[in-house]
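Asks: Prediction below, plus the sequence it came from.
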Amino acid sequence: MTMTEIGAAYDGRASEYIDLFGTIDKLAEQDRDTITRWRDSTTGPLLDAGCGPGLWSQELTAGGVREVVGIDASAEFVAAARAQYPGPSFQRADLAALPLADRSIGGILAWYSIIHTPPTQLPAILSEFARVLAPGGSALIGFFDGEPGEAFDHAVHTAYYWSAEALAEQLAPHGFTVGQASARQDPGARRRQGDLVATLIS
């Protein structure tokens, strides 16, 4: 599985996705609270890794004060983000080959952007996160909470469950420590949602 394949899968359903989830008011208020609290705890430029149509990238700019880079494998999402949100900078790229300098980012938002990554390919992405993140910077990662590495059918492409504990084990070799994690299942939701904050300590 490559990011090109995942990007192409989202390209094919980009309009539908944007109609359903393309504005902040269509997303869970708890997600917005989690992301803005994390944003306000960071310093320096931020990376929205797997930015989709750019709505969280815009939220990260905090009224245009913060420098934010949004990266996604979908050309349709990047085009939509550029058209809708002039503040952040948007690029099409692979999360395993980020077009960013070493230690140039203060925080990384990876909000459900690693769910399609097969477990064997996840270390390459986490290595890139560690490379571009400044020491002391943090990553906020959203995921579907379940049996780690178990595949499930997703509307766009095969996805994988994780747990906070299993992700912490994946993050540790790259110099990250997990400081907080939570999980919930919203009414009517098919799957539990999880998130964690991992800080780069080396």
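Replies: Perfect, thanks for sending it. The structure displayed is predicted, hence computed values, not measured ones.

Asks: Confirm that Thr199 lies within a strand, as I assumed.
Replies: Yes: under DSSP: H, G, I helix; E, B strand; the rest coil, Thr199 falls within a strand.

Asks: pLDDT score assigned to it?
Replies: Here the pLDDT value assigned to Thr199 is 98.

Asks: OK, contacts around the residue nearest to it when sequence neighbours are not counted?
Replies: In this structure, Thr199 finds its nearest non-sequential neighbour in Ser138, 4.6 Å apart by CB to CB, 6 or more residues apart in numbering. All C-beta atoms are positioned from the backbone trio N, CA, C, and that covers glycine. Going by CB atoms under 8 Å, 6 or more residues apart in numbering, Ser138 touches 38, 41-42, 107-108, 179, 197-200.

Asks: ok, now Asp40?
Replies: Ala62.

Asks: do Phe90 as well
Replies: Shown in contact with Phe90 (CB under 8 Å, 6+ apart): 51, 54, 57, 69-72, 78, 81-82.

Asks: And for Pro119?
Replies: 148-149, 160.

Asks: Which strand or helix spans Ile108?
Replies: Using DSSP states H and E, Ile108 sits within strand 105-111.

Asks: Check the offset of that strand from the chain's centre.
Replies: 7 Å (CA atoms, centre = their mean, to the nearest Å).

Asks: what's the answer for stretch 150-158, then?
Replies: The mean C-alpha position of stretch 150-158 is separated from the chain mean by 17 Å, CA atoms, centre = their mean.

Asks: Tell me, how many residues neighbour Ala97?
Replies: 10 (other CB atoms under 10 Å).

Asks: Looks to me like it is in a helix.
Replies: No: Ala97: not assigned to a helix; according to three-state DSSP it is coil.

Asks: where does the closest residue to it other than its chain neighbours fall, phi/psi-wise?
Replies: Spatial nearest neighbour of Ala97, excluding adjacent residues (CB to CB, 6+ apart): Glu128 at 6.9 Å. Reported as degrees, to the nearest 10, the phi and psi values for Glu128 are phi -70, psi -40.

Asks: Pull the contacting residues for Glu128.
Replies: For Glu128, the contact set (CB under 8 Å, 6+ apart) comprises 95-98.

Asks: Am I right that Gly70 is in a strand?
Replies: Yes: under the criterion used here (three-state DSSP), Gly70 sits inside a strand.

Asks: neighbours of it, just the number please.
Replies: 29.

Asks: May I have the beta-bridge partners of it?
Replies: Per DSSP bridges, residues listed as beta-bridge partners of Gly70: Asp48, Phe90.

Asks: What are the buried residues along the lengthiest strand in the chain?
Replies: Secondary structure of the chain per DSSP state E: the longest strand is strand 133-145. Judged by neighbour count using 16 or more other CB atoms under 10 Å, the buried positions of strand 133-145 are 133-134, 137-145.
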